[in-house]
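> Show me how the following folds:
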Amino acid sequence: MSDNLYAKANVDASIDKVFLWLGANVMLEYNYEDAKALLEKNLKSASKQCEGISNDLMFLKDQITISEVNIARMHNHGVNLRRAAKGRK
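Okay, the predicted model is just below:
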């Protein structure tokens, strides 16, 4: 299954057959235990990726804030330089 796919399903475990759509026009038949193991592995992988992306987003937010502060400081420095130049004339 694709890591970005989410769906709910009710499965009759007594049949012991599950068909999983894997994408790219591929559907495979699994027994109940193998399908559950595959889906749990995919869930674990997706949760790990979500945590990594959240950390990346927090880092990016910090970098944006730092950049905005630096831009403001550079602007203020330019204003101070222009004021100083006007005061000398």
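
> center of this protein - which residue?
Centrality entry for the chain: nearest residue to the mean C-alpha point is residue 53, 3.6 Å, by Cα atoms, centre = their mean.

> Any figure for the gap between that one and residue 59?
Computed as Cβ to Cβ, to the nearest Å, the residue 53 to residue 59 distance reads 11 Å. Where C-beta positions appear, they are placed from N, C-alpha and C, glycine not excepted.

> same deal with residue 39?
Counting by Cβ to Cβ, the gap from residue 39 to residue 59 is 31 Å.

> Look at those two and report which has more neighbours.
The neighbour count for residue 39 versus residue 59, taken as other Cβ atoms under 10 Å, is higher for residue 39 (15 against 10).

> residues in contact with the residue of the chain positioned farthest from its centre?
In terms of distance from the mean C-alpha position of the chain, residue 89 ranks first, at 55.3 Å (Cα atoms, centre = their mean). By Cβ atoms under 8 Å, 6 or more residues apart in numbering, the contact set of residue 89 is empty.

> and the gap between it and residue 80?
For residue 89, the distance to residue 80 equals 16 Å [Cβ to Cβ].

> per-residue confidence for residue 3?
At residue 3, the pLDDT value in this model is 59.

> sorry, that was for residue 33
For residue 33, pLDDT reads 90.

> how near is it to residue 57?
With the distance defined as Cβ to Cβ, residue 33 ends up 36 Å from residue 57.

> got it, and residue 15?
Residue 15 sits 42 Å away from residue 57, going by Cβ to Cβ.

> Counting by contacts, list what the host helix or strand of residue 58 packs against.
In this assignment (DSSP states H and E), residue 58 forms part of helix 32-88. Helix 32-88 sits against strand 18-23, with contacts defined as 3 or more Cβ pairs under 8 Å, 6 or more residues apart in numbering; DSSP states H and E.

> Give the buried residues for the strand it packs on.
Of the residues in strand 18-23, 18, 20 count as buried by neighbour count, 16 or more other Cβ atoms under 10 Å.
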